[in-house]
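In: coordinates for the following, if possible.
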Amino acid sequence: MPHTYFPKLLSSQIAFDIARSILDGFDKHYRLFRASSQRAKQQFETGDWKAAQVAARERIGYYDTRVRECVQALEDEYAEEDLSDEVWREVKLHYMGMLIDHLRPELAETFFNTVCTKLLHRNYYHNDFIFVRPATSTEYLESEDTPPSYRVYYPATDSLNFTIKRIVTNFQLNAKFEDLDRDVALVEARLRENFGPAKLEPNHQIQVLASLFYRNKSAYIIGKGINGNKEYPFVIPVMHKRKGELVLDTVIFDTMLITVLFSFTRAYFMVDMEVPSAYVQFIRSILPKKPRSEIYTMIGLQKHGKNLFYRDFLHHLKYSSDRIEAAPGIRGLVMLVFALPSFPYVFKLIKDSFPPPKETTKALIKEKYLLVKNHDRVGRMADTLEYSDVAFPRSRFSEELLAEIKQYAPSLLEVNDDEVVIKHLYIERRMTPLNIWLTEAEQRGDMAGMEHGLKEYGSAIKDLVAANIFPGDMLYKNFGVTRHGRVVFYDYDEIEYITDCNFRKIPLPRNEEDEMSAEPWYPIAKNDVFPEQFGTFLLGNKNVKEYFMKHHADLLTAEYWQARKKRIVDGKVDDVFPYPQEIRFCNQTSTTS
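Out: This is a model prediction of the structure:
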């Protein structure tokens, strides 16, 4: 029997009603969120990639829409004089009671925080009024009435093939496989190779999450093998061939590659979850170094991921003593960037004004960052966490850094004896700027590393093009190198959609006067782009030029960009693989459709 919450010791009916309204708002949000995730299965089955892209973007906005609805309803319903501090304390206590049997209490607490911080002053941002600390455990939330979050299979040595086929068919995809027996045999061979000839222990089993993970044009089976005290994580991507038939594209065992699959540089998965915390716990069992905040974010629950991240940051502040300083790299015209050396993230503030040649506004820059948040980042654009009214200990800021913020972004700064409050900032994973990375590689004579960086740089741009993104400012300083050696774009103030750009060849000079002119002799519209000119800014170093031209000379031609733009305009959606081509079962370079 479900537990019923009786607020016997609390006296405020208003507090109870507010708590009920907030929880109803959250439940509505998750109901719509889950329905969108469930539709991803049909969109994958039918290959309706455009609908899948729209659904992924729209789902990101569900949370803020429900929060606005809830805040508006509370403001309309209650007079400010009726909402005393005691009432607000009781609101939280009532809410805690309502979460006793809830299957998603951690998400509901975050929703509560978001609503309350829209209604309350920052002085109320402590545990008496909001959930600075979680109040409800997420352990063992599943009951007899909830379906298991993962399925368990017990393969004998000679029936592994049958078990793999069961794993795949249990997802009941309503689409034909090109040759499932062939693909299962390939997976089986890889599994046997990876698991090795170890003796099968009594607990030998395979565990697989009960829902597929959908993103871009792929569905992913997430699982692990268990044998004695050893666990073997694996991921099987399911993809469409040109005729609409399905294939098992590969099987991924390498923990680093699985980590990249769940990277902060990729769009959020669409996955149907009755109990999200159980999915997070399973993923953490195969990626134990991945913070819970990042896992929640990557399964589409980015608001709770953001909440957990901030808790982790507060904990880190408490147990560290280093000072916040300007981040290394070339100073930007648009952003101030600072960092805590012991914390693997950077903090980015939009300056109050921008010197020439920048022609933009703060509002437009915020739109660009929102565009990236809502877009498929295809592994090449860093996700950003956006915060308001972030308080830092005053003692952690140097006078030099405070002076710099006061000079360039005074509207965002509030300082008192104990705190520095930044009114708006973005937090992003720290990376090594590519220009620094290339310079250091050349200085130590690491030509292979230099070549890798430039090959990755060009691949990053081509992946962005496949996602309909033109970086705008392609200088190396706007790209970073992750700890896995991947090159990622992180400066968004000049990005545009490929479809909004006009890629042109530079016209031939009409005469000697044109040829000698310091100014263009041809008209240039706002969104005109001349790829031939990229080399002027990118290829001044002879080693850089050699490696760039070896791998990505096509990026300097208008024809390349025009052809990619035409594919997008024609409705083509390219595959972007979050794993190396060489581990795929087929020898094709693409399965585009």
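In: show me the longest helix that occurs in this protein.
Out: The helix that spans the most residues within the chain, counting by DSSP state H, is helix 13-46.
In: buried residues of the helix or strand following it, list them for me.
Out: For helix 13-46, the following helix or strand on the C-terminal side (DSSP states H and E) is helix 49-77. Neighbour-count burial for helix 49-77 flags 49, 52-53, 55-56, 59-60, 62-63, 66-67, 70-71, 73-74 (criterion: 16 or more other CB atoms under 10 Å). Using the backbone N, CA and C atoms, a C-beta is placed for each residue, glycine as well.
In: how about stretch 563-576?
Out: 564, 565, 567, 568, 573, 574, 575, 576.
In: just flag the most distant two among those residues.
Out: Largest separation among the buried residues of stretch 563-576 by CB to CB: 565 and 575, giving 18.0 Å.
In: which of the buried residues of helix 49-77 lies closest to residue 163?
Out: Distance to residue 163, by CB to CB, is smallest for residue 52 among those, at 29.7 Å.
In: who's in contact with the closest one?
Out: Residue 52 sits next to 40, 43, 44, 214, 217, 270 when contact means CB atoms under 8 Å, 6 or more residues apart in numbering.
In: swap in residue 380?
Out: Contacts for residue 380 were tallied using CB under 8 Å, 6+ apart; they are 265, 460, 463, 464, 467, 487, 488, 489.
In: who are the packing partners of the longest helix of the chain?
Out: Using 3 or more CB pairs under 8 Å, 6 or more residues apart in numbering; DSSP states H and E as the contact test, the elements touching helix 13-46 are helix 49-77, helix 85-98, helix 105-119, strand 213-215.
In: orientation of the first one relative to helix 85-98 in degrees?
Out: This means helix 49-77. Computed by axes from the mean of the first three to the mean of the last three CA atoms, to 10 degrees, the angle separating helix 49-77 from helix 85-98 equals 140 degrees.
In: any idea of the angle helix 49-77 forms with helix 13-46?
Out: 170 degrees.
In: quick one, helix 49-77 and helix 105-119 angle?
Out: If you take the same axes, to 10 degrees, helix 49-77 sits at 60 degrees to helix 105-119.
In: centre of the chain to helix 49-77, how far?
Out: Remark: helix 49-77 is offset 18 Å from the chain centroid, using CA atoms, centre = their mean, to the nearest Å.
In: give the rounded mean pLDDT of that helix.
Out: Helix 49-77 carries an average pLDDT of 94.
In: equivalent analysis for the last one, please.
Out: Here strand 213-215 scores 95 as its mean pLDDT.
In: tell me what residue 528 is bridged to.
Out: Assessed by DSSP bridges, residue 528 has beta-bridge partners residue 502.
In: what's the answer for residue 232, then?
Out: Judged by DSSP bridges, the bridge partners of residue 232 are residue 225.
In: any idea of the pLDDT on it?
Out: 92.
In: again with residue 121
Out: For residue 121, the model assigns a pLDDT of 87.
In: how close does it get to residue 438?
Out: Applying CB to CB, to the nearest Å, the value for residue 121 to residue 438 is 48 Å.
In: who has more neighbours out of these two?
Out: residue 438 (23 against 8; other CB atoms under 10 Å).
In: helix or strand for the closest residue to that one other than its chain neighbours, which one?
Out: Excluding the flanking residues, the one nearest residue 438 by CB to CB, 6 or more residues apart in numbering is residue 453, at 5.3 Å. Following DSSP H and E, one finds residue 453 within helix 447-466.
In: same check, this time on residue 392
Out: Going by DSSP H and E, residue 392 is in strand 384-393.
In: tell me what angle that strand forms with helix 105-119.
Out: Using the same axes, to 10 degrees, strand 384-393 lies at 70 degrees relative to helix 105-119.
In: so how far is the very next helix or strand once past strand 384-393 off the chain centroid?
Out: Remark: after strand 384-393, the chain's next helix or strand is helix 399-408, criterion DSSP H and E. Helix 399-408 has its C-alpha centroid displaced from the chain centroid by 31 Å (CA atoms, centre = their mean).
In: again with stretch 513-522
Out: Relative to its parent chain, stretch 513-522 has a centroid offset of 45 Å by CA atoms, centre = their mean.
In: contacts for it, please.
Out: If you take CB under 8 Å, 6+ apart as the criterion, stretch 513-522 is touched by 506, 507, 509, 510.
In: all set now, cheers.
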